[in-house]
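A.B. asks: what's the 3D shape of this:
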Amino acid sequence: MEGSDDSSLVLRFGEASKLLPVTFVIFMVVVLYFEYIFLHCMRLFQLDLPVEFREAQVVARGWWHLISFHIITAFLIYCLAKCILTCPGTVPEGKGWDQRTDVEEDTTGAGDVELVEKKHTGERRFCKWCLKYKPDRCHHCRICNLCVLKMDHHCPWVYNCIGFRNHKYFFLLLVYAVFDLTLVNTTMFDTVWWSTRVDVSVAMMLGLFAGQSLAAFLWVLITAFLGFHIWLMSKAMSTVEFCEKSLKKSSYNSSMYSLGTYGNICAVLGPHPLLWLLPIAFPEGDALTWSSKTASSSTTLASSNSDQPRRRSREATPSQQDASSGGGRSARTRKGSTENATSAEQAQTTTGEPQAAG
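C.D. replies: The predicted structure follows:
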């Protein structure tokens, strides 16, 4: 598993041209960092004035902005690096997942897994590029040349696929980006307004306007993208599954893998709610097996079908009950007729004369 991860990293980073989107993202982070620190926070520190003339409240506000921005940006850079460097997860070697029959494999893995997603013929899905069987929610990425477990999408901005093992990093990257941009937009606007009221250089004023406009544009864009992924997470859908539903014109409110809103969030951010917004405590499981509504409903149907013969043996139908009760009445009638005939014979034997016919 680790060997395949290392080889995929070597193959990906061997294509330098595809690193341009990643370079652009890093460039945007650096630009906004210098804009906020050197044009906004340094103004609040009032370094151009003697210490006795500085406003203490303004300086304290500058320190609060500086510390908050650095904490959020540190988490953002960490998640960005983990999104780029972490393998999203792929189908393991052997264990019954390898399609090649000329190699002796341990068949105790995939053979025991109950799959939901199958071909229309009922056979297991397989990848013709990786020559491996696919678990549920697994898809092949032609850019990464890899079958990705619980693939969400391929993101060119991190030059990696988003899958089971780095989905939380990607989601938190969007969260921290929104937090960072919200802080920049709400606090740096005061400095932009200040630049129009005092005698500053045109270059500084244009730089502040450009930084504020860039931050506002990115905030709208990333907030909408984050809202879309929050909705996908609450519905237990990946971006690939959403696109499949749009092509099939299926309902977006139903997913066979849904565990309820709380369970769906835990499947992405981990089982501990207090740690959801921290890049630790990842979701449990191996992404090879998934519980689904289809599997549970078929199990329930099978158990109900197996209980029906037992219920039939214990419960008789109304016609059978009527037949049994009617048989009992006829038996009692025959018994009464026999008793009457016996009484008549005894009376004839006693009197010695036959009784007249009625």
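
A.B. asks: The spatially most central residue of the chain: what's it in contact with?
C.D. replies: Residue closest to the mean C-alpha point of the chain, counted by C-alpha atoms, centre = their mean, is residue 236 at 4.3 Å. Applying C-beta atoms under 8 Å, 6 or more residues apart in numbering to residue 236 gives the contacts 255, 257, 258, 259, 264, 267. Bear in mind the C-beta positions are built from the backbone N, C-alpha and C, glycine included.

A.B. asks: any idea how far it is from residue 242?
C.D. replies: Note on residue 236: its distance to residue 242, by C-beta to C-beta, to the nearest Å, is 11 Å.

A.B. asks: Give me the three-state assignment for the residue nearest to the centre of the chain.
C.D. replies: Per DSSP: H, G, I helix; E, B strand; the rest coil, the secondary structure class of residue 236 is coil.

A.B. asks: same check, this time on residue 161
C.D. replies: Relying on three-state DSSP, one would call residue 161 strand.

A.B. asks: Quickly list what it is bridged to.
C.D. replies: residue 154 (DSSP bridges).

A.B. asks: tell me, how many neighbours does it end up with?
C.D. replies: For residue 161, the neighbour count with other C-beta atoms under 10 Å is 28.

A.B. asks: I figured it hits residue 147, correct?
C.D. replies: No: if you go by C-beta atoms under 8 Å, residue 161 and residue 147 don't touch, sitting 9.9 Å apart.

A.B. asks: Now do the shared contacts for these two.
C.D. replies: residue 141.

A.B. asks: Do me a favour and get the backbone dihedrals for residue 62.
C.D. replies: Per-residue torsions, residue 62: phi -60, psi -40 (degrees, to the nearest 10).

A.B. asks: Was I right to think it contacts residue 44?
C.D. replies: Yes: between residue 62 and residue 44 there is a contact under C-beta under 8 Å: 3.0 Å.

A.B. asks: Between the two, which is the more surrounded one?
C.D. replies: residue 44 (23 against 19).

A.B. asks: residue contacts, that one?
C.D. replies: 58, 59, 61, 62, 65, 191 are the contacts of residue 44 under C-beta under 8 Å, 6+ apart.

A.B. asks: and the gap between it and residue 65?
C.D. replies: 7 Å.

A.B. asks: what packs against the helix or strand containing residue 229?
C.D. replies: Per DSSP states H and E, residue 229 falls inside helix 202-234. Counting contacts by 3 or more C-beta pairs under 8 Å, 6 or more residues apart in numbering; DSSP states H and E, helix 202-234 is packed against helix 20-34, helix 167-195, helix 260-269.

A.B. asks: Would you mind saying which of those lies nearest residue 51?
C.D. replies: Distance to residue 51, taken as C-beta to C-beta, is lowest for helix 167-195 among those, at 20.9 Å.

A.B. asks: could you give the angle of that closest one to helix 202-234?
C.D. replies: With axes from the mean of the first three to the mean of the last three C-alpha atoms, to 10 degrees applied, the angle from helix 167-195 to helix 202-234 works out at 150 degrees.

A.B. asks: tell me what helix 167-195 is packed against?
C.D. replies: helix 42-45, helix 56-85, helix 202-234, helix 260-269.

A.B. asks: hmm, 7 Å instead?
C.D. replies: If you count contacts as 3 or more C-beta pairs under 7 Å, 6 or more residues apart in numbering; DSSP states H and E, helix 167-195 packs onto helix 56-85, helix 202-234, helix 260-269.

A.B. asks: right, and residue 240 touches residue 140 too?
C.D. replies: No: with contact defined as C-beta atoms under 7 Å, residue 240 does not reach residue 140; the gap is 10.7 Å.

A.B. asks: Can you get me a residue count around the closest residue to residue 189 other than its chain neighbours?
C.D. replies: Of all residues not flanking residue 189 in the chain, residue 212 sits nearest, at 6.4 Å (C-beta to C-beta, 6 or more residues apart in numbering). Using other C-beta under 10 Å, residue 212 has 20 other residues around it.

A.B. asks: What residues does residue 212 make contact with?
C.D. replies: 188, 189, 192 (C-beta atoms under 7 Å, 6 or more residues apart in numbering).

A.B. asks: please redo it, this time with the cut-off set to 8 Å
C.D. replies: Counting by C-beta under 8 Å, 6+ apart, residue 212 touches 185, 188, 189, 192.

A.B. asks: What separation is there between the last one and residue 183?
C.D. replies: Yep, that's residue 192 we're talking about. Distance of residue 192 to residue 183, given as C-beta to C-beta: 15 Å.

A.B. asks: swap in residue 237?
C.D. replies: 31 Å.

A.B. asks: Of the two, which one has the most company?
C.D. replies: The neighbour count for residue 237 versus residue 183, taken as other C-beta under 10 Å, is higher for residue 237 (22 against 17).

A.B. asks: Checking the closest residue to that one other than its chain neighbours next. Helix, strand or coil?
C.D. replies: Leaving aside its sequence neighbours, residue 237 sits nearest to residue 255 (C-beta to C-beta, 6+ apart; 5.2 Å). The assignment at residue 255 comes out as coil when based on three-state DSSP.

A.B. asks: How many residues are close by residue 255?
C.D. replies: By the measure other C-beta under 10 Å, the count of residues near residue 255 is 20.

A.B. asks: ok, now residue 234?
C.D. replies: Residue 234 - counted by other C-beta under 10 Å - has 15 other residues nearby.

A.B. asks: try the one 4 residues further on
C.D. replies: Neighbourhood size, residue 238 [other C-beta under 10 Å]: 25.
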